[in-house]
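Colleague: coordinates for the following, if possible.
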Amino acid sequence: MPTLRLALAQVNTTVGDVPGNAALVREWSLRAREAGAQIVAFPEMTLTGYPVEDLTFRESFVAASRAAVDQLASEVPPELAVIIGYLDADGPARTGSDAARDRGPRDALALLHGGKVVARYFKHHLPNYGVFDEDRYFVPGDTLTVVRINGVDVAMTVCEDIWQPGGPFAVAGRAEVGLVVNINASPYELNKDDVRLPLVSRRAREANAAVAYVNLVGGQDELVFDGDSIVVSADGELLARGGQFTEELLVVDLRLPAATSDDTGDFGEMLVARTALPALPEPAGAAVAPRIEPRLGDEAEVWGALVTGLRDYVRKNGFRSVILGLSGGIDSAVVAAIAVDALGGDNVHGIAMPSGYSSEHSLDDAQESAKLGGMHFSVQPIGPMFDAFMANMNLNGLAAENLQARIRGMVSMSLSNQHGHLVLSTGNKSELAVGYATLYGDMAGGFNPLKDVPKTLVWKLARWRNTVSPLIPENSISKPPSAELRPDQLDTDSLPPYEVLDPLLHGYIDLDMGSAALKAAGHDPALVDRVLRLVDIAEYKRRQSAPGTKISIKAFGRDRRLPMTNRFREGV
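Modeller: Sure, this is the predicted structure:
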């Protein structure tokens, strides 16, 4: 049986940075050649970054992507087979009723070898659920490209092609290929790595071929890509697996069946087109020992996603530092710790903004948080500013409480303007769900690392992070949560305990359970009615909240899209 040495390049691309992404391909292709690889595969949309969203509609952007592919063909090692994802088009974008339905932008893959683009493939299955809107942008391909490399038939596919049964993998089986390469930009959510391996194994058995699954790594706005590249045998056995949230090259030697078929044309669900490469040099040196990286635990995995998401949002948008309000509470302490791990303490600025209702221990806890993280720290009392407002306005109750939060937001944004820091907001998913947050106050900011993190998970993350090294004050973890906007205030004055609230929110938001289903699941009926109403009426607030890293199956914004003007109420 022939042996192919395959490299999977888990790289971190940036949307729109075509020259920078092309440089990544050149750099990692050289690394693959140095490792003796014959084939190197890069993730989906490598050259453009992913997702490109409405950039797809710009002909200039499509032209830049296509030109970069042709240029790269002459810049990567000519003896190496390089598989890359890019944006192509065989017609204008479908932006009008008269647009051709079978031509337009394509989520594409190219095989480069010998200074030329040898083969192309257009993604067949286009996801249109969750964070994906690919039917809006792309036209599906109808032809499976099979390339013969050193006597082995290799089929090439893109992302969603592996997530759906039938289509390219079923056709690959009928075409009797020995290997299917699947390039991905598969966003992270908690425990997704538990789903991927069984999925890849099922497709390998469906195609009766080994499968190599390479995934993107890094952050792009709300999305994070975790790598977790996988190689399995034709019977679904795991052969190699890359790390999570790390750029790396996963190299594996695969013994594969020799090609037996030259059939082309109609294979039922798709057409099959075949081409062949000249003989590639045999791998030099000893065989590569297979590498299977261990999976991270839940808290470590989420922490890695949050750190990666923040680091890349800051770096890719040209910021060098961040600022956040340090209240001494658990949320701000955890956000500060994430920022320290992402950027280093010297690039994190914490500011305590005590009012007349702030407790002494809160200021002490904020100061300890800054000390543990090695970050900059300052104190800006807001009492005089609050008094000036109150001397000129007749406010009381909730309006006076929210005024304090808005003054803090104004101070943070002013310091951002003055010094160029990105403001981090610190509200968690539980608070945002029920509207327990102040517009233009604690919701002010450019990015929110905890936007998709329920309060109970915030505590778990804090306890886990302190097992690595102390970074979060113990008192911030153990004390009852409070906004400290009035005397002796606690979150439980307005909300049920988070241990009760979070499972209810998970059912309603993440699982789309209705009122009757939630009550049947054992939740208190009166609490269900109250919480669902709070969630529904806070939609307008969430529309104005900062972006934040997605870690769940249903994040606000990209996943969960509900009308702000909406009179439907569960159970009414």
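Colleague: which residue is nearest the middle of the protein?
Modeller: Closest residue to the average C-alpha location of the chain: residue 224 at 1.9 Å, with CA atoms, centre = their mean.
Colleague: now that it has come up, it's in contact with residue 550, right?
Modeller: Yes - using CB atoms under 8 Å, residue 224 is in contact with residue 550, at 6.9 Å. Bear in mind the C-beta positions are built from the backbone N, C-alpha and C, glycine included.
Colleague: mind listing the shared neighbours of those two?
Modeller: By the contact definition CB atoms under 8 Å, 6 or more residues apart in numbering, residue 224 and residue 550 are jointly contacted by 187-188.
Colleague: may I have the phi/psi pair for residue 378?
Modeller: With angles defined as degrees, to the nearest 10, residue 378 sits at phi -140, psi 160.
Colleague: ok, now which ones touch it?
Modeller: Counting by CB under 8 Å, 6+ apart, residue 378 touches 349-352.
Colleague: give the contact list for residue 381.
Modeller: By CB under 8 Å, 6+ apart, the residues touching residue 381 are 353-355.
Colleague: my read is residue 119 is in a strand, agree?
Modeller: Yes - membership of residue 119 in a strand is supported by DSSP: H, G, I helix; E, B strand; the rest coil.
Colleague: how close does it sit to residue 3?
Modeller: Per CB to CB, to the nearest Å, residue 119 is found 22 Å from residue 3.
Colleague: now swap in residue 428 and tell me
Modeller: Distance, residue 428 to residue 3, using CB to CB: 51 Å.
Colleague: kindly report the same for residue 178.
Modeller: In this structure, residue 178 and residue 3 are 11 Å apart, going by CB to CB.
Colleague: comparing these two, which residue is more hemmed in?
Modeller: Neighbours of residue 178 and residue 3, each counted by other CB atoms under 10 Å, are more numerous for residue 178; the result is 28 against 14.
Colleague: quick one: what helix or strand has residue 456 in it?
Modeller: Residue 456 is located in helix 455-468, with elements delineated by DSSP states H and E.
Colleague: who does that helix touch, helix- and strand-wise?
Modeller: In terms of contacts (3 or more CB pairs under 8 Å, 6 or more residues apart in numbering; DSSP states H and E), helix 455-468 is packed against helix 298-316, helix 330-343, helix 429-434, helix 474-478, helix 498-505.
Colleague: check contacts around residue 105.
Modeller: Contact analysis of residue 105 by CB under 8 Å, 6+ apart lists 56-57, 62, 87-89, 93, 137-139.
Colleague: kindly recompute the last result at 10 Å.
Modeller: Listed by CB atoms under 10 Å, 6 or more residues apart in numbering, the contact set of residue 105 reads 52, 55-57, 59, 61-62, 65, 87-94, 122, 134, 137-139.
Colleague: bridging residues for it?
Modeller: Going by DSSP bridges, residue 105 is paired in beta bridges with residue 89.
Colleague: from residue 145, how far out is it?
Modeller: Distance of residue 105 to residue 145, computed by CB to CB: 18 Å.
Colleague: before we move on, what about residue 325?
Modeller: For residue 325, the distance to residue 145 (CB to CB) stands at 53 Å.
Colleague: those two: which has the busier surroundings?
Modeller: More neighbours surround residue 325 than the other of residue 325 and residue 145, with 27 against 23 (other CB under 10 Å).
Colleague: what residues are bridge-paired with that one?
Modeller: Following DSSP bridges, residue 325 is listed with bridge partners residue 351.
Colleague: where does the chain have low pLDDT?
Modeller: For the chain, the stretches flagged by pLDDT under 70 are 97-98, 358-359, 483-486, 488, 572.
Colleague: how about a cut-off of 80?
Modeller: The chain contains residues with pLDDT under 80 at 94-101, 284-285, 356-361, 481-494, 571-572.
Colleague: burial count for the closest residue to residue 236 other than its chain neighbours?
Modeller: Closest residue to residue 236 apart from its sequence neighbours, by CB to CB, 6 or more residues apart in numbering: residue 201 at 3.2 Å. Residue 201 is flanked by 18 other residues according to other CB under 10 Å.
Colleague: what does residue 530 give?
Modeller: By other CB under 10 Å, the residues close to residue 530 number 15.
Colleague: what helix or strand is it on?
Modeller: Assigned by DSSP H and E, residue 530 falls in helix 525-537.
Colleague: name the nearest residue to residue 38, sequence neighbours excluded.
Modeller: Sequence neighbours aside, residue 280 is the residue nearest to residue 38 in space, at 4.5 Å (criterion: CB to CB, 6+ apart).
Colleague: brain fart, residue 86
Modeller: residue 47 (4.1 Å).
Colleague: quick one: the one you found and residue 208, what's the gap?
Modeller: According to CB to CB, residue 47 stands 32 Å off from residue 208.
Colleague: contacts only, for residue 51.
Modeller: Contacts for residue 51 (CB under 10 Å, 6+ apart) come out as 15, 44-45, 107, 131-134, 137, 185, 187, 220-221, 223, 558.
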